[in-house]
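# compute the structure for the input listed below.
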Amino acid sequence: MRKLNTSDIFNFCRLVKATDAREQLRSIVTAVAKKKDGGEPVDVTQVGVDGVLAVIEAAVEPKAEALVYKFLAGPLECTAEDVAAMELDALLHALKEIAEANNLTTFFGSVSGILGKD
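Now for the predicted structure:
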């Protein structure tokens, strides 16, 4: 397994574009921007968790399945077909490793903060 890299971001963006995740992520970014504008503290971890959950919810759409496999194949260093055939416990372990190795909750929080700025 490897850490996520720039090419993975483009695969991820294709996944977001093909699903409902775009609108859900936009709502999260808007909420963060409103909090920041109001001087309220922003819980970066919560923003990250919300972002990850939005993507997971959108990824279960049938049209997204192949894109999910393609996206995960990169950091898992295997083929999309290998991802599709993975046993559930192995997939969950791999997803946890990807999230931890790349600190995804902080990443989503940071991206939300960047996108929420004027």
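
# contacts, neighbours, all on C-alpha from now
OK.

# can you pull up the most central residue in the chain?
residue 52 (4.7 Å; Cα atoms, centre = their mean).

# distance check, that residue against residue 25.
With the distance defined as Cα to Cα, to the nearest Å, residue 52 ends up 9 Å from residue 25.

# how about residue 13?
12 Å.

# near residue 86, how many other residues are there?
12 (other Cα atoms under 10 Å).

# quick one: buried residues of the helix or strand containing residue 36?
Per DSSP states H and E, residue 36 falls inside helix 21-37. Buried residues in helix 21-37, counted by 16 or more other Cα atoms under 10 Å: 21-22, 24-25, 28-33.

# could you dump those residues into a markdown table and include pLDDT?
Formatted as a markdown table, the buried residues of helix 21-37 follow (pLDDT from 0 to 100):
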| residue | pLDDT |
| --- | --- |
| 21 | 81 |
| 22 | 80 |
| 24 | 82 |
| 25 | 81 |
| 28 | 80 |
| 29 | 77 |
| 30 | 81 |
| 31 | 81 |
| 32 | 77 |
| 33 | 77 |
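
# of these, closest to residue 42?
When those are compared for distance to residue 42 (Cα to Cα), residue 32 wins out at 6.7 Å.

# let me see the mean pLDDT of stretch 7-17.
Throughout stretch 7-17, pLDDT has a mean value of 86.

# just how off-centre is that stretch within its chain?
Here stretch 7-17 is found 9 Å from its chain centre; the criterion is Cα atoms, centre = their mean, to the nearest Å.

# follow-up on the earlier one: show me what the very next helix or strand once past the helix holding residue 36 is packed against.
Using DSSP H and E, the helix or strand that follows helix 21-37 in sequence is helix 44-59. Counting contacts by 3 or more Cα pairs under 8 Å, 6 or more residues apart in numbering; DSSP states H and E, helix 44-59 packs against helix 6-17, helix 21-37, helix 104-115.

# kindly reformat the ones you listed as a markdown table containing distance to residue 59.
Formatted as a markdown table, the helices and strands packed on helix 44-59 follow (distance: least, Cα to Cα, whole Å):
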| stretch | distance to residue 59 |
| --- | --- |
| helix 6-17 | 8 |
| helix 21-37 | 8 |
| helix 104-115 | 16 |
